[in-house]
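J.: Structure for the following, please:
(4 chains)
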Amino acid sequence: MRLEYSEEDLAFRAEVRSFLEARLPSHIAERTKAGLALEKEDYLNWQRTLQEKQWVAHAWPKEFGGSGFTPFQKHIFEEECVRAGAPELPPFGLSMLGPVIIAFGSDEQKAHYLPRILDGTDWWCQGYSEPGSGSDLASLKTKAVRDGDHYIVNGQKTWTTLGQYADWIFCLVRTSSEGKPQTGISFLLIDLDTPGVEMRPIITIEGGHEVNEVFFDNVKVPVENLVGQENMGWTYAKYLLQHERVGIAGVAAAKETLKKLKKIASDTDDGEGGRLIDDAHFAERLANVEIDLMAMELTNLRVLAAAQAGGAPGAESSMLKIKGSVIRQELSDLMRRAVGPYALPFMPELDQLGSNMEPVGPEGAHLYAGQYFNRRKYSIYGGSNEIQRNIISKMILGL
Amino acid sequence: MRLEYSEEDLAFRAEVRSFLEARLPSHIAERTKAGLALEKEDYLNWQRTLQEKQWVAHAWPKEFGGSGFTPFQKHIFEEECVRAGAPELPPFGLSMLGPVIIAFGSDEQKAHYLPRILDGTDWWCQGYSEPGSGSDLASLKTKAVRDGDHYIVNGQKTWTTLGQYADWIFCLVRTSSEGKPQTGISFLLIDLDTPGVEMRPIITIEGGHEVNEVFFDNVKVPVENLVGQENMGWTYAKYLLQHERVGIAGVAAAKETLKKLKKIASDTDDGEGGRLIDDAHFAERLANVEIDLMAMELTNLRVLAAAQAGGAPGAESSMLKIKGSVIRQELSDLMRRAVGPYALPFMPELDQLGSNMEPVGPEGAHLYAGQYFNRRKYSIYGGSNEIQRNIISKMILGL
Amino acid sequence: MDFNLSDDHRMLKDMVSRFVREQCDFESRLKLISSEKGHDEAVWAQMAELGLVAAVLPERVGGLGGSGLDIMVVAEELGRKIVVEPFLATAVLGAGLLAEEGAEGRGPALLDDVIGGGHKLALAHYEPGARYNAAKVDATIAGGKLSGSKSLVINGGDADTLVVSAKDGDKLVLALVAKDAEGVAIKAFKTHDGFGAAEVTFTDVAVAADDVLLSGDAAEAALGRALARATLALCAESLGAMENARDATLEYLRTRTQFGVPIGKFQVLQHRLVDVCLEIEQVRSIVLLAASKLDAGDRDKHLSAAKALVGRVGRMVAEEAVQMHGGIGVTWELELAHVAKRLVMIDHYFGDTDYHLKRFQKLSKAA
Amino acid sequence: MDFNLSDDHRMLKDMVSRFVREQCDFESRLKLISSEKGHDEAVWAQMAELGLVAAVLPERVGGLGGSGLDIMVVAEELGRKIVVEPFLATAVLGAGLLAEEGAEGRGPALLDDVIGGGHKLALAHYEPGARYNAAKVDATIAGGKLSGSKSLVINGGDADTLVVSAKDGDKLVLALVAKDAEGVAIKAFKTHDGFGAAEVTFTDVAVAADDVLLSGDAAEAALGRALARATLALCAESLGAMENARDATLEYLRTRTQFGVPIGKFQVLQHRLVDVCLEIEQVRSIVLLAASKLDAGDRDKHLSAAKALVGRVGRMVAEEAVQMHGGIGVTWELELAHVAKRLVMIDHYFGDTDYHLKRFQKLSKAA
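T.: Residues are numbered from 1 along each chain as shown, chains lettered A, B, ... in the order given. So this is what the prediction gives:
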C-alpha cells in the first residue's frame, strides 16, 4: 500500500505542468476556467500544440500516434490540464471513433481516417441517440438500406455534441429489422457535406448551444464507409462505450470548482457583516462536499490502480459516474447559492468573445445559475444515473 | 377557508383538557411522557375512567357505546391526551375488531364481544402477519380446517403487539387454497386459553418486549367464532385496515417530542461554553424538522376536514403515514444526537417500575438511543413506506 | 375549520386559471422572454382589467380584498404558467405600498391608474452587497436629494415609477421617483427565470415632499408588510409551478416508453414521483398557513417557514422533474425546463433557504 | 501508487478475519452482551496471543507495527463481527499511550503484560458535561492527589489500570491509577452497542511520581495521538460493520420472497442498495486516507473528514439495511440489528458528525 505517486509519475507531472505553462494561450485558459465556450479554432490550435508531444490520443497505441499513457499518466495529464485551464478536447474522434477504427476498421480506413483525426483535419461528431431511444439505445430507428455500392440513410439523430463544428459523423444505423434489436445495427461513417444531411441546433436549458439534432433524408453513403461487418455495429458501439474513461468521475474539474467556490465564499459578504465562508449553514454544505470529494478522489485512484494493474473497470465506472455527477452537481448548486441574488442575471451576451458589456454583481456571478442548470445533464447523459444503478445492481450485486 | 377551530371544537378541547387534569393519574402521565412501558392494569384503569364519559371507542357508533366523535373531535381528543401524557389505549379491540364485528358480526357476537371490549373484560390482540408474509399479507399460511362444529387451527402469527396481556386474538386464517390467495381467507376469533396456543415474546432491537409470536398447534375453535362468512375474511381485513386512522401521522406525539427536544437542546451544554440550541448545525436540523411538522400538522388537518365533510381518506392515509413516520424518525434521531455521549448507556433496569438505580448523564438521556432504534418500526409496520408508495403510485398517480 | 375556498375565491381562482391557460401559453412566453420588453403589455392590460391588481388591494383604495389568501390564489395560478407579467412588482409590492393606510403625498392618487394597468411600479430596496439583508439601507435622502444604489430591482427597467427606500438621518423613507427623473440611471437585464430586473443608481435625484410616501416607523412597518406579501406571493407562485412540474412529469412517465414499456412502470421513478407529490402537499400546507398569518403577530416566523420549505422542495421538485424527463428535460424548447428554472431561482429572491431557516430559528426560539 | 496490502498486512487481515469468524460468532456475542463481564476473557487472551495488541504498537516496545494501516486492518475485521473484546480501550488507547516515546515511570514496564493479554487498560479522559470537547480537563492533580470525574470511560469497569488525564496547574498530566486504588469509584454499565463503559470519580487518589506517564506538552501531544488512533480504529470498525450490513442485506434481498419473487427484484430496493454500496466505497477511501495520514501534519483534518463521513454513512447504512430487512430487522435475535446499533452509536464516541464537520471546516480553512 502506497498512497503517493511514484517518482516517475511526479516527474511526468512536472513535465506536463511546464509544457502547459509555456504553451497554453492565456485567453483560452481564462475562458476555459470561467466555463465559457470556445471557438473551433481554439480547440484545433491546442490539439496541434499537444500533438507536438504526441499527447493527444490517449486511447490509441503509440504506433498509431497515440500517447501511450498509463492510466495514472492519463489521470495526471488530465489533472494538470484542468488546473491550467487547458480545454478538454472533444472526445468523438480521439477517444471514441479512433479506438473503434483501430480495433475493427479496415487498413484503408486506418490509413485514411486516423491521421486526419490526429491533426484535426476531420472534426467528428457522434450519431448514437435518437429522439425516441434515450436510455434504450438499441431501439434506434435510423435506417440504412443497401443500394448498389451505397447505403441510403434516412432518420434522425440527436444530442450531437458540438455537431455545429463537425465535418463527419459516425452513426449507428439499422441495416436489418430481424432478430433482437441489437443484431441489426451497423456502424457507418457519414460526411456531413453529403446532400440530405441537415444539422439543427438544440438550445439547452440555460440558453447555450452545445448539442444538435441531425436529420438524414435519403443520404447516399458509400459502402466503404461501413466499419467492420454489417449488422455487427452493436458490438463496436459497446466497445466504444465501455472504453475505459479515466476521467468519468470528473475529479480534476471538481477540485478546481471547489477551489473557486472556497474563494468566492471567502470573498462574499454574507450581508450581515461577515464572510459567507463563516456562515455555519453554508460552511457545513461546503465541508460535506469537500469530504465527499476527498473520498471520491481516492476512490478514483483505487480504480485507476486496478486499471494500471490490468483490471478492466466495469461496474466501477458506473460507481464513479454516479458519485462524480452527484458531487459536481452539488458543487454547481453551491456556486449559485454562494453568489446569492447575483445568481439571477441572465446575460449571455456578456460571455461572447469581445463583449464590452458590464457585468452585474461580482465577476462571473451571472454564470453560475446557468452552469447549475446545464450540469443537470451530468446525471442524464452517457447512461443516466438510473441506468448506472441498474448496471451495478446486475453486475456487482447480482440482483 | 378558515384555519381556526370552531367554538364548539374549542369548548370540546377545554372539556377534554379539564377532564384529563382532574382524572389522569400522575404516575401514568410521567411514564407515558418518558416513553416507558405501562402495566396492563394501568391501561385498564384508564380505559374505565374514560368510559365514564363514553370516550373510549371512537370508531364505534354511539348506540354501541362509542364516542360518536367527529374527525376533528377525535383529533382534538388525541392531541389533548398526548399533551397530558394519557396512554394511548391499544387499538386492537377498540379500533380494529370492534368496527369489524359491528359491520360484519352476528347479533350474538355483537351482544357478547362489544361490551367486553368496552369495559376491558377482554383484551384483544391481532393475528394478521406471519413470518413469511410481511408486506404480502395475502400469502398467509395459518390453516383452519372445519371439523364438525369446530375449526382446527395450525400455524404461526407474528408481530402480535402486547399479546402478553391479551385474552383473545382475532386471526386471519386460510380456509381454502383455491382461487387467488385472497379468496380463501377467513376471520376467526380465538380464545388464547385454548389448548395448543402458545405465545412467545419477540425482543426488539432496543431490548424491549412489546411484540410476540403466537403458535397454533391443533387449536380447536368453535365455528360460532367465525366472523361473517367463511372465505370472506380478506374483505373484513381490508375494511379494518382502511378504517380511518385519524392519528396515523402521529402529529400530536411529534409535537410533544419536538417540545421535549427543544427543551433538551436549551438545557444541554455544547461542550464549548454554549447551549446546543445555539449550535448552527443542530439548530438547522431542528428548524427543518419543526417546519416539516408545522406543514404536516396542516396537511393532517386538511385530510381531517375532508373526512369531516364525508370524504373517504384513501391514499391520503398513505401520504400521512410516510411523511409522519419520516418526521418522527428524524425527531428520534435528533433526540439521541442532542444528548451526545449520554445516548450511549443501555440501562433497561433503570426504567423498571420502582427502580432506585441512578442514571448516567441527564435524566432520561439513556432512553433516546433505544427509542431511536425502536422507532425504525414506524416506516416498517402497518404496510412499509415502500408499500405505501406503491399504493399512492397506483391510486393517485395511476402508474 | 374549513379548507374550502369561498365562492369568491373559487371564482377568482377559476378566472385566473382560465386566463393564464388561454393567454399565457408557453409558446408566447418563449417569444416574450427573448423580446426586449420581456412581457406582453396587452396581456398585462387584460390582467389589470380582470382585476388582478385590485384583487390584492384593500377595498379602502378601490381594491377587492388584499388578504393573504387573495395573494395566494392569484399568485399560485400565475405561477402555474410561470407568467412573466409584472404582477409581483406592480401589484404586490408597488401598489401594496401605495395602498398603505399611512401613505401620503402623490402616491395614493396613482393607485387608480396602477389598478387599471396604465402605470407600472417597482420597489427599489435591496442594495448591492447586502445579499438578502433587507435592513441594510445606505441610500440617503438629504436636503431633498436622493443618492444611492439599488440592486436587482424586479421590473426595474420597465416600471414607470420606482418606490425607493433611503435613510433621512436615522429615519427610513419610502419615496416615489419617476423612471426618467434626472439623476436616475437604470441598467436593465433579464434573469435566468425569464423576468426583468435592473441595477439602479440615484445621483442627487430631487425628491419633493409630495414624493415621500411613508417615513419613519410607518415606512419600516409598511416595508415589512410589503416584503412579507411578496414572499408569500413567491411561495404561492412556486407552489403553482411545482404542480405544473409534477403534472408534466406524471404525463411524461405515462407516455414516454423505454424498453417497450411506459417509464412510469419503473418502480424507482414511481417512488420518486410519490415523494415529489408528498412534498408538494407539504408546501401547499405551509403556504396556506403563511397566507393565514399575513396579518398576525407571528407573520414573519410563518413566512420564513414557508420560504425555507419552498426553497428546499423547489429544488427537489425541479431536479427530480428534470431528471425524470431525461435529455429533453434540459432543453430550452420544453416548458418544464423553464418551470424548473423558476422553481430554483425563486430561492434567490427575498432571502434563500438558509436565510429563512436562520430567521425561522430566531423567531421560533423567541416564540 | 499502490492500493494492494503488503504480504504482512494481507496475512494479518486473513488471520483476524478467520479468528473472528470462528471465535466471535453472533450467538456467543448475544450471550456475552447480557453477561456481567460483557466480553469473553478467553477470547481476549487468544486475541492477545495472536498479536492483535502487538500489531498496533511500534517495534520499539515489542510491538509489530503500529502504523495507521495496522490499526485499520485489525479494527476493520473486528468491526465486521462487532467484536466486544476491549481492543480499542486496551490496545489502541491504553497500550498506545504506554508505548509513547516519552513515557516514563512504571507505565512502560506494564506493556509486556498488556501485550500478552494479562493486563487491561482504559483511558479516563472525557469529563461530564464536556460533550465531545477533548480539551476540557477539570480533574486536578495537586500535591500527589488526583480528584475529578470522568465520563463514559470505555472499558472503565473492566480495566486493571486507568490512564487518567488531569491538570497540575496549567500542565496536562497523564497518570496511571489502579482500578482498586483508594478513592476510585467506578460505576460500570453497558452501552446500546453492547460494550462496557463507566463513570469514574477520583477523590484524593494518591498519585506517586512513578505513576505519572506523561506531562506537559508531551502529554498533550500523546493524548492527541491516542485520540486520533482511536478515531481511526472506530472508523475502520464502522467500515467493517458497514460491509457486514451490506452483505446481510444483499443476502436478504436474494432470498426473501414477497409477492412470489425475491424482493431483490424490486428496482427501488436495488437502487437503494447500490447507493449503500457507493457510500461504503467512499468510506473505505476516506478511512484509507486517514490511516495514511496518521503521522502527518494534517492528521486531524483527515481524521475529522473520516469520522464525519463515517457518521453520515453509518446512519444511512444502518437505516437502509434495517428498512430493507423489514420487521425482522428490528429484532434482538438478528445480527444485523446489533450491527446497525454499532454503526449508529459509533457516532457518539470521540465526537459526532457535527463535531467533526466543524473541526474539519476549521482545519480545512487553515490549510
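
J.: mind listing the strands for chain A?
T.: Secondary structure of chain A by DSSP state E: the strands cover A:124-127, A:143-147, A:150-157, A:168-174, A:185-191, A:197-203, A:209-222, A:226-227, A:345-346.

J.: who's in contact with the fifth one?
T.: The contact list for strand A:185-191, computed with C-beta atoms under 8 Å, 6 or more residues apart in numbering or on different chains, reads A:97, A:100, A:104, A:109, A:113, A:127, A:138, A:140, A:144, A:151, A:153, A:167-175, A:197, A:216, A:219, A:221, A:225-228, A:230-234, A:236-237. Where you see a C-beta, it was placed from the backbone N, CA and C, and this is true even at glycine.

J.: domain assignment for chain C?
T.: Domain ranges of chain C: C:7-115, C:121-214, C:219-366, per automatic domain parsing.

J.: Contacts only, for the residue of the stretch 1-150 of chain C found nearest chain A.
T.: Minimum separation of the stretch 1-150 of chain C from chain A (C-beta to the nearest C-beta) falls at C:Arg131, amounting to 2.9 Å. Going by C-beta under 8 Å, 6+ apart, C:Arg131 touches A:268-272, A:340-341, C:355.

J.: per-residue confidence for it?
T.: At C:Arg131, the pLDDT value in this model is 96.

J.: from the contacts of C:Arg131, which would you call buried?
T.: Taking 16 or more other C-beta atoms under 10 Å in any protein chain shown as the criterion, what is buried in the contacts of C:Arg131 is A:268-271, A:340-341, C:355.

J.: Looking at those, which are in helices?
T.: C:Tyr355 (DSSP state H).

J.: count of residues packed around A:Thr121?
T.: Neighbour count for A:Thr121, taken as other C-beta atoms under 10 Å in any protein chain shown: 12.

J.: What of A:Ile152?
T.: For A:Ile152, the number of neighbouring residues by other C-beta under 10 Å comes to 17.

J.: Same check on the one 3 residues further on?
T.: As a burial measure, A:Gly155 scores 20 neighbours (other C-beta under 10 Å).

J.: residues near the closest residue to it other than its chain neighbours, how many?
T.: In this structure, A:Gly155 finds its nearest non-sequential neighbour in A:Thr142, 2.7 Å apart by C-beta to C-beta, 6 or more residues apart in numbering or on different chains. Per other C-beta under 10 Å, the neighbour tally for A:Thr142 reads 22.

J.: and C:Asp180, what helix or strand is that in?
T.: C:Asp180 belongs to no helix or strand when elements are defined using DSSP states H and E.

J.: Look at it and say how many residues are nearby.
T.: With other C-beta under 10 Å as criterion, C:Asp180 counts 8.

J.: what's the domain layout of chain A?
T.: Domain ranges of chain A: A:7-89, A:124-231, A:249-397, per automatic domain parsing.

J.: what does the stretch 51-200 of chain C put close to chain A?
T.: C:126, C:128-133, C:136, C:151-152, C:187, C:189-193, C:197, C:199 (C-beta under 8 Å from any C-beta of the partner chain).

J.: repeat that with 10 Å
T.: Residues of the stretch 51-200 of chain C lying close to chain A by C-beta under 10 Å from any C-beta of the partner chain are C:126-136, C:151-152, C:154, C:187, C:189-195, C:197-199.

J.: Show me the shaky parts of the chain.
T.: I went with chain A, as the question did not name one. A:242-246, A:312-314 (pLDDT under 70).

J.: Sorry, I should have been clearer: chain C.
T.: Low-confidence segments of chain C, defined by pLDDT under 70: C:367.

J.: Kindly recompute the last result at 90.
T.: C:1, C:259, C:365-367 (pLDDT under 90).

J.: which stretches of it form strands?
T.: C:121-124, C:140-142, C:145-154, C:161-168, C:171-178, C:184-191, C:196-206, C:212-215, C:257-258, C:261-262.

J.: next one: stretch A:186-196 to chain centre, how far?
T.: 22 Å (C-alpha atoms, centre = their mean, to the nearest Å).

J.: mind checking the end-to-end distance for it?
T.: 20 Å (C-alpha to C-alpha, to the nearest Å).

J.: Stretch A:346-358 too?
T.: Terminal residues of stretch A:346-358 lie 13 Å apart, using C-alpha to C-alpha.

J.: how far is it from where the chain is centred?
T.: The answer for stretch A:346-358 is 25 Å, by C-alpha atoms, centre = their mean.

J.: Can you point out the buried residues in that stretch?
T.: Residues of stretch A:346-358 classed as buried by neighbour count (16+ other C-beta under 10 Å): A:346-347, A:350-351.

J.: interface residues of the stretch 101-250 of chain C facing chain B?
T.: Contacts of the stretch 101-250 of chain C with chain B, taken as C-beta under 10 Å from any C-beta, map to C:246, C:249-250.

J.: Just among the residues you listed, which is most surrounded?
T.: Greatest neighbour count in these, by other C-beta under 10 Å, goes to C:Thr249: 26 neighbours.

J.: what's around A:Val227, how many residues?
T.: When neighbours are defined as other C-beta under 10 Å, A:Val227 has 21 of them.

J.: what's across from it in the sheet?
T.: Beta-bridge partners of A:Val227, counted by DSSP bridges, are A:Phe187.

J.: so who does it touch?
T.: A:97, A:100-101, A:103-106, A:109, A:113, A:170, A:186-189, A:233, A:236 (C-beta atoms under 10 Å, 6 or more residues apart in numbering or on different chains).

J.: For A:Cys125, give its distance to C:Val200.
T.: Separation of A:Cys125 from C:Val200 (C-beta to C-beta, to the nearest Å): 45 Å.

J.: repeat for C:Glu76
T.: Using C-beta to C-beta, C:Glu76 is found at 30 Å from C:Val200.

J.: can you tell me which residues contact the residue of the stretch 151-300 of chain A found nearest chain B?
T.: Residue nearest to chain B within the stretch 151-300 of chain A: A:Ala280 (3.0 Å; C-beta to the nearest C-beta). Applying C-beta under 10 Å, 6+ apart to A:Ala280 gives the contacts B:279-284, C:354, C:358, D:357-358, D:361.

J.: From those residues, which land in helices?
T.: Short answer: those in helices (DSSP H) are B:280-284, C:354, C:358, D:357-358, D:361.
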